[in-house]
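K.L.:
Pasting the sequence and the predicted coordinates here, then a few questions.
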Amino acid sequence: MEAIDWLLLAAIPGLGPTLLNRLAQKFGPGEAIIKASESQLTAVTGITPSLATAIRQARQDEAIARLQREIDRLTALGGQIVLRHQACYPSLLSRITNPPPLLFALGSTEVLQQQAILAIVGTRAASVDGCQVAYRLAFDLARQGWVPVSGLAIGIDSAVHQGALDGGGRTIAVMASGLNLDYPKPNRALKERIRQQGGCLITEACLDTPALATLFPLRNRIISGMSLGVVVVEAPLRSGALITARLALDQGRSVFAVPGPVQDPRSRGVHQLLRDGARLVEGVEDIVAELGWPNGPMVMTNPGSAPTLALPPHAPSSPSHPGLPDDMPDEALPVYQRLQQGSCHQDELLRHCQLTGATLSRILLYLELSGTIERLPGNLFALAAT
């Protein structure tokens with residue numbers, strides 16, 4: 001019943017995280033909030049008489065039955081509700097000024113209790129080099145016990161999750177939509193792999209909630225709030241990654257930035273962060289110089305021994321292929337053109353495009369991270385749904 005009480009409160013229009021946390025500080029459990037008198041409720045800053053009435057009337061039989069059905073759906077999905085006072089709620093997140101009173105979680109909630117959580121974020125319209133940097137940072141950090149967290153978007157976020165998993169570690173994906181929705185669609189398989197490898201997907205959005213623009217800043221405060229620091233890899237001056245960095249500063253977290261080419265608009269946001277005092281990052285050593293290693297000093301791997309997203313130097317793709325990312329390598333065009341004809345098995349792509357297995361794997365991974373294609377069951381690939 002406790003989870004239902006919080007869901008009932010969270011569903012009241014105008015009763016956001018800030019007010020809910022004020023009420024929790026005053027009254028404690030959700031049940032006590034609902035049972036408080038209207039005069040007691042309106043004594044809390046921000047609680048109007050109309051909100052107090054809505055709180056008092058929250059426990060309607062119809063509403064309780066509806067939310068119980070939602071909990072049953074979440075349970076059938078394999079998910080659960082994590083309340084702020086529970087041990088599996090991220091400890092750092094509970095200390096920010098407006099933590100979510102509850103989270104919807106899919107996967108291992110044990111990973112949410114880890115202290116060595118680090119956010120790596122950046123633009124969706126990422127370059128090959130940007131994805132490679134994010135991937136390698138997450139790969140090396142995961143190998144040493146860190147838990148990289150990001151937002152499950154295409155581009156830098158996807159490279160972070162992929163790098164952490166390929167490094168043998170776990171990762172946390174914070175979504176701006178309901179757990180049952182595949183957003184973005186190309187990351188459907190990545191979501192499942194995060195779960196299978198002991199990671200977790202979390203959100204404060206109820207089931208069926210679409211990824212509305214207004215939810216992304218709320219999502220970003222969770223990413224920064226649960227992390228010891230935030231690393232920004234490629235971000236224009238107006239981007240969600242910079243919002244996350246600003247939130248991190250407000251929350252007292254460390255902010256790091258990876259510099260990029262001065263002529264690339266995707267570097268301008270990171271360079272502004274560096275001007276504002278963010279710590280420059282060229283590799284994981286720059287991060288741990290400030291935060292330390294969770295499992296002792298790192299034994300660096302040979303750069304050639306880890307998987308890579310890097311592709312050979314290339315010219316920009318031709319304008320005749322508007323569905324491709326701007327920095328698509330020419331060697332990827334045959335793969336894209338074959339997939340325009342319909343889904344295709346990886347072995348067939350290998351024969352049709354006359355590429356080596358290693359080259360095709362790099363191209364497919366890049367196309368996945370850019371949101372151009374999606375991986376289907378049975379090792380099939382197809383153009384991503386738009």
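P.N.:
Received it, and whenever you're ready, just let me know what you need.

K.L.:
is it true that I222 touches L102?
P.N.:
No - using CB atoms under 8 Å, I222 is not in contact with L102; the gap is 11.9 Å. For the C-beta atoms, the positions are set from N, CA and C on the backbone; glycine is no exception.

K.L.:
higher neighbour count, the two?
P.N.:
Neighbour count, other CB atoms under 10 Å: between I222 and L102, I222 has more, with 27 against 22.

K.L.:
which residues touch the nearest residue to L273 once chain neighbours are set aside?
P.N.:
Spatially, and ignoring its direct neighbours in sequence, L273 is nearest to A257 (4.2 Å; CB to CB, 6 or more residues apart in numbering). Counting by CB atoms under 8 Å, 6 or more residues apart in numbering, A257 touches V231, V232, A245, V270, H271, L273, L274, A278, R279, L280, V281.

K.L.:
Next step: the residues you listed restricted to helices.
P.N.:
Among these, DSSP state H puts A245, V270, H271, L273, L274 in helices.

K.L.:
The residues you listed into a markdown table, with extra columns for neighbour count, pLDDT and distance to T75?
P.N.:
A markdown table is the format used below for those (neighbours: other CB atoms under 10 Å; pLDDT from 0 to 100; distance: CB to CB, whole Å):
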| residue | neighbour count | pLDDT | distance to T75 |
| --- | --- | --- | --- |
| A245 | 29 | 92 | 36 |
| V270 | 32 | 95 | 42 |
| H271 | 17 | 95 | 47 |
| L273 | 25 | 94 | 41 |
| L274 | 19 | 95 | 46 |
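
K.L.:
Tabulate those (CSV), appending distance to P261.
P.N.:
Output for the ones in helices among the contacts of A257, formatted as CSV (distance: CB to CB, whole Å):
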residue, distance to P261
A245, 20
V270, 11
H271, 10
L273, 16
L274, 14
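
K.L.:
ok, of these, which one's closest to A176?
P.N.:
Checking these against A176 by CB to CB gives A245 as the nearest, at 17.3 Å.

K.L.:
ok so, going back, state the pair within the ones in helices among the contacts of A257 that is farthest apart.
P.N.:
Most distant of the ones in helices among the contacts of A257, by CB to CB, are A245 and H271, 12.4 Å apart.

K.L.:
Distance check, the closest residue to A332 other than its chain neighbours against P334.
P.N.:
Closest residue to A332 apart from its sequence neighbours, by CB to CB, 6+ apart: I363 at 4.8 Å. For I363, the distance to P334 (CB to CB, to the nearest Å) stands at 9 Å.

K.L.:
Those two: which has the busier surroundings?
P.N.:
The neighbour count for I363 versus P334, taken as other CB under 10 Å, is higher for I363 (23 against 16).

K.L.:
Could you identify the helix or strand that succeeds the helix or strand where the more buried one lies?
P.N.:
Under the criterion of DSSP states H and E, I363 resides in helix 357-369. The helix or strand immediately downstream of helix 357-369 is strand 373-376, counting by DSSP H and E.

K.L.:
For L367, see how far away the nearest residue in space to A58 that is not next to it in sequence is.
P.N.:
Nearest non-adjacent residue to A58, counting by CB to CB, 6+ apart: L8, 4.2 Å away. Separation of L8 from L367 (CB to CB) stands at 44 Å.

K.L.:
Surely G155 is in contact with S127?
P.N.:
No - using CB under 8 Å, G155 is not in contact with S127, being 9.1 Å away.

K.L.:
Between the two, which contacts overlap?
P.N.:
Joint contacts of G155 and S127 (CB under 8 Å, 6+ apart) are E234.

K.L.:
what about these two, which has more around it?
P.N.:
Per other CB under 10 Å, whichever of G155 and S127 has more neighbours is G155, with 27 against 23.

K.L.:
and that one, how far is that from P186?
P.N.:
11 Å.

K.L.:
Could I get the full set of strands for the stretch 251-386 of the chain?
P.N.:
254-258, 279-280, 344-345, 373-376, 380-383 (DSSP state E, counting those that start in this stretch).

K.L.:
which residues are in contact with the third one?
P.N.:
Same thing as strand 344-345. Contacts for strand 344-345 (CB under 8 Å, 6+ apart): R338, H352, G378, N379, L380, F381, A382.

K.L.:
Can I get the buried part of the residues you listed as one ChimeraX selection?
P.N.:
Buried residues among these (16 or more other CB atoms under 10 Å), as a ChimeraX selection:
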select :380,381
